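[1] no sequence on this one, just coordinates:
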């Protein structure tokens, strides 16, 4: 079927109108985002929550290790997309189902030593220090040796990620591997 000039003209007009409307919507959304950002930067509860998650000693794990803090997001229900976008710029995620803010740690050295198999120190799902390297003859874990092996590994690779221990119940505990005098 050959398209008539009238159909082509109407389609062209429709497409230009869509594009024009889309650009107008984008401009309005950009202005809205600026206003949301101003509002969020003045929100004392949100400011406290951001500081709280950044300094939190509460850890969890899903696919990756994260810090978390409680934060009632219900008051932001009408602005959830804007809140998520704002916090995303700060590398903070909103968990609306659990009224929490999460801050992922990125790559971590994970000490796994009580699951009965695959014990050792892991990075990105790869064992970098086998548990046998820091177990004593009595089959006990020598934490001082383990920590010095972790420090040596970080010096060798030039990468100094967080170090955490994860037990069989998925409890996450930060580990200080630096020797104290």
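    Noted; the coordinates are in hand. Remember, predicted model here, so these are calculated numbers, not experimental data.
[2] center of the chain - which residue?
    Nearest to the mean C-alpha position of the chain, counting by CA atoms, centre = their mean, stands residue 104 at 2.7 Å.
[3] ok, and the closest non-adjacent residue to it?
    In space, and not counting its chain neighbours, residue 104 is closest to residue 66: 4.6 Å by CB to CB, 6 or more residues apart in numbering. (C-beta placed from N, C-alpha, C; glycine too.)
[4] same thing with residue 150?
    residue 177 (4.6 Å).
[5] contacting residues around that neighbour?
    Contact analysis of residue 177 by CB atoms under 8 Å, 6 or more residues apart in numbering lists 147, 148, 150, 151, 163.
[6] in what helix or strand does it lie?
    Using DSSP states H and E, residue 177 sits in no helix or strand.
[7] Quickly list the domain ranges of the chain.
    1-42, 44-106, 108-174 (automatic domain parsing).
[8] thinking again about what came up before, would you confirm that the residue nearest to residue 104 contacts residue 60?
    Yes. With contact defined as CB atoms under 8 Å, residue 66 and residue 60 form a contacting pair (5.6 Å).
[9] Quick one: end-to-end length of stretch 86-105, please.
    Taking CA to CA, to the nearest Å, the first and last residues of stretch 86-105 lie 19 Å apart.
[10] mean confidence score for it?
    Averaging pLDDT along stretch 86-105 gives 94.
[11] Check stretch 145-154 too.
    94.
[12] Thanks again, I'm all set now.
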